[in-house]
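**Q** Next comes the sequence, and after it the predicted model I'd like to discuss.
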Amino acid sequence: MTAIALTVAGSDSGGGAGIQADLKTFQELGVFGTSALTAVTAQNTLGVHSVYPIDAAGVTAQIRAVLDDFNVGAVKTGMLFSADIIRAVAETLQSYDSPTLIIDPVMIAKGGASLLLEEAVDALKTFLIPMASVITPNIPEAEVLAGMTIESDEDIEEAANRILQLGAGAVVMKGGHRQGAHYAEDLLLSADGERLALRSEWIYTQNTHGTGCTFSAAITARVAQGMPISKAVIDAKRFIQAAISDGLTLGSAGHGPTNHWAYQQQNAAAKKEAVFID
C-alpha cells in the first residue's frame with residue numbers, strides 16, 4: 001500500500017523550503033505527498049520579500065479535504081505564521097483519529113525574516129506541541145520554546161527536557177547553528193527516556209536553505225511508511241546530510257537550496273558511513 005503524508009506549511013516561491021521542499025522529500029522517499037497551504041511567500045536565495053498568510057478557515061478546509069479522503073500516515077507542520085492558524089490546525093487535527101504529528105517549529109528564515117508572529121509562540125506551546133510525537137527545533141527555536149540561552153551540551157539537554165515538558169513525545173535538537181563546531185550533532189531525547197546522538201561531518205556551504213523543512217519532512221515520510229521515530233530520525237539525518245554535501249549552486253549569492261535527489265544517487269555504503277550514532 002502506498003504511504004501518504006500531509007504537510008501543513010507555507011509556500012516558498014524559490015523552491016528550496018516549505019511545501020516545495022516537503023513534497024520533493026516525500027517523493028524521493030517513495031511517499032505520496034499531500035499539502036495544506038498556510039501562507040504564500042515571495043522569496044528566493046536572497047531572502048523572504050513578502051508573506052501572504054492564508055485565512056485560518058482556508059487552512060482548515062484544506063486539511064479536512066485531505067483527511068476526509070486519504071489514509072494519511074503522518075502529518076508534518078512547518079510555517080504556521082499566526083496564533084489563529086495554529087489553533088485552527090490543532091483543533092482540526094484533534095477532530096480526527098490523527099496520524100503521527102511531526103512539528104518543525106519554523107520561526108525565522110535563513111535570511112533573518114520572521115515566519116512566526118511573536119504572539120503565536122504561546123499558541124504553539126499550548127495547542128500544538130502537546131499533540132506532537134516529535135518536534136525538531138534548531139538552537140534559536142529551542143531557545144524560544146525553552147525560554148533559555150543555549151551555549152553548551154548541558155544547555156542543549158536542559159532545553160530538550162523543557163520542551164518535552166510541554167507535552168511532545170520526543171524532541172530532536174538540531175545542531176546546525178552551533179558556533180565553532182567541526183561536526184553537526186543532533187540530539188534525540190524522548191519522553192520515555194530514549195537518547196540518541198547523531199553526528200555527521202560539518203559541510204562548509206551557503207547552500208542550506210530549507211534544511212530544517214527537508215529534515216523534518218524526511219522524518220515524516222519514514223513515519224508514514226511505518227518506521228519508528230528513532231529509526232526515522234536516523235534515516236532523515238542521512239537524507240539531509242546527502243542533500244547538503246552534494247549541494248546545488250543556484251540563484252545569486254544568498255542561501256541556496258539543498259539537493260533533494262542526492263540521497264538516492266549516493267552509494268548506500270557511503271550513506272551509512274556518513275553518520276555515527278552513540
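**A** Yep, that arrived.
**Q** Can you show me the strands along this structure?
**A** Using DSSP state E, the strands of the chain run over residues 4-12, 32-44, 47-53, 74-77, 100-103, 134-135, 170-173, 183-190, 195-201, 275-277.
**Q** so what's residue 187 closest to, chain neighbours aside?
**A** residue 173 (4.5 Å; CB to CB, 6 or more residues apart in numbering). For glycine as for every other residue, the C-beta is placed from the backbone atoms N, C-alpha and C.
**Q** Just the pLDDT for residue 224.
**A** Listed pLDDT for residue 224 reads 98.
**Q** can you count the residues close to it?
**A** Residues lying near residue 224 (other CB atoms under 10 Å) number 29.
**Q** now do residue 231
**A** Residues lying near residue 231 (other CB under 10 Å) number 13.
**Q** what's the answer for residue 264, then?
**A** Neighbours of residue 264 (other CB under 10 Å): 12.
**Q** tell me the contacts of it?
**A** With contact set as CB atoms under 8 Å, 6 or more residues apart in numbering, residue 264 has these partners: residue 28.
**Q** what bridges to the closest residue to residue 233 other than its chain neighbours?
**A** Nearest residue to residue 233, sequence neighbours excluded (CB to CB, 6+ apart): residue 188, at 5.3 Å. Counting by DSSP bridges, residue 188 forms beta bridges with residue 172, residue 196.
**Q** wait, residue 188 sits on residue 231?
**A** No: Residue 188 lies out of contact with residue 231 (CB atoms under 8 Å); the separation is 10.7 Å.
**Q** Pick the most buried one from the strands of the chain.
**A** strand 74-77 (a mean of 29; mean count of other CB atoms under 10 Å).
**Q** Indicate each strand paired with that one and its parallel or antiparallel sense.
**A** By DSSP bridges, strand 74-77 pairs with strand 4-12 (parallel), strand 100-103 (parallel).
**Q** Can you say which of those strands is nearest to residue 211?
**A** strand 4-12 (12.7 Å; CB to CB).
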